[in-house]
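Chemist: Need a 3D model of the sequence below.
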Amino acid sequence: MGSEGPTGVTIHITGFKKFHGVAENPTEKMANSLKEYLAKNSVSKDLILGSCTVLETAGQGALASLYQLLQSAVKTEESESLTGKTIWVHFGVNSGATKFAIEQQAVNEATFRCPDELGWKPQNLPIVPSDGPISTVRKTTLPVEDITKALGNKGFEVISSNDAGRFVCNYVYYHSLRFAEQNKTKSLFVHVPLFVAVDEETQMRFTVSLLEVLASICK
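Modeler: This next block holds a predicted model:
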């Protein structure tokens, strides 16, 4: 009994830095502010906030740091004998969106519309060649439609989506879903609008509501 740890749901967060055409990425500000925001607002006891990390907006060149991040969380939870569930929630911005989008899947295709922040611009390349063709799809094991409905009931403009694009968001999501399958964790990607479309306070409230919905579903 002495080895038992917290029994809540541990949720790790990532956002992205700036990239071509988006000088201020709202997901960077969210990832940097979330812990302080939660400290000032009461949240469900089932929710345990793990790491909050801002990723380089890059694919292949940032892959080592992404896997180091994913693996470090698994090792930490093993060493601390955590008995709850582990979820990765990756946030990215869709500069043309006016609603939040919960992404159902990622595709094994890297076709970048512009170079990433490390200068890579792949076209029609498989993200993981050993997984097969670029049409290969990986889906989240989380109930996207239930999550979307729950957030809609809380007053947020949110949709479910089957297309995370083919840029860095999809690239990171594909790797995270693959890692989740191998390590018995869960992964989800969420696209958010720019602050000019949905203000910062609303986006923070949405983020907290999303985490509470996930904690409730997975407890």
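
Chemist: quick one: low-confidence parts of this structure?
Modeler: Scanning the chain with the threshold set as pLDDT under 70 gives 1-6, 79-84.

Chemist: make it 90
Modeler: Within the chain, the stretches with pLDDT under 90 are 1-8, 18-24, 41-46, 72-85, 219.

Chemist: Could you identify the longest helix within it?
Modeler: Ranked by residue count under DSSP state H, the longest helix found in the chain is helix 200-218.

Chemist: Now do the strands in the chain.
Modeler: Taking DSSP state E as the criterion, the chain carries its strands at 9-16, 47-55, 86-93, 100-103, 105-107, 137-139, 158-161, 186-192.

Chemist: rewinding a little: ok, residues contacting the longest helix of the chain?
Modeler: Here helix 200-218 makes contact (C-beta atoms under 8 Å, 6 or more residues apart in numbering) with 8-9, 11, 26, 29-30, 33-34, 37-38, 41, 43-44, 46-47, 49, 85, 87, 89, 91, 100, 142-143, 146-147, 150-151, 154, 156, 158, 186, 188, 190, 192-193, 195, 198. C-beta coordinates here come from the backbone N, C-alpha and C atoms, glycine included.

Chemist: Could you do stretch 142-155 as well?
Modeler: 87, 100, 102-104, 158-160, 186-188, 206, 209-210, 213-214, 217-218.
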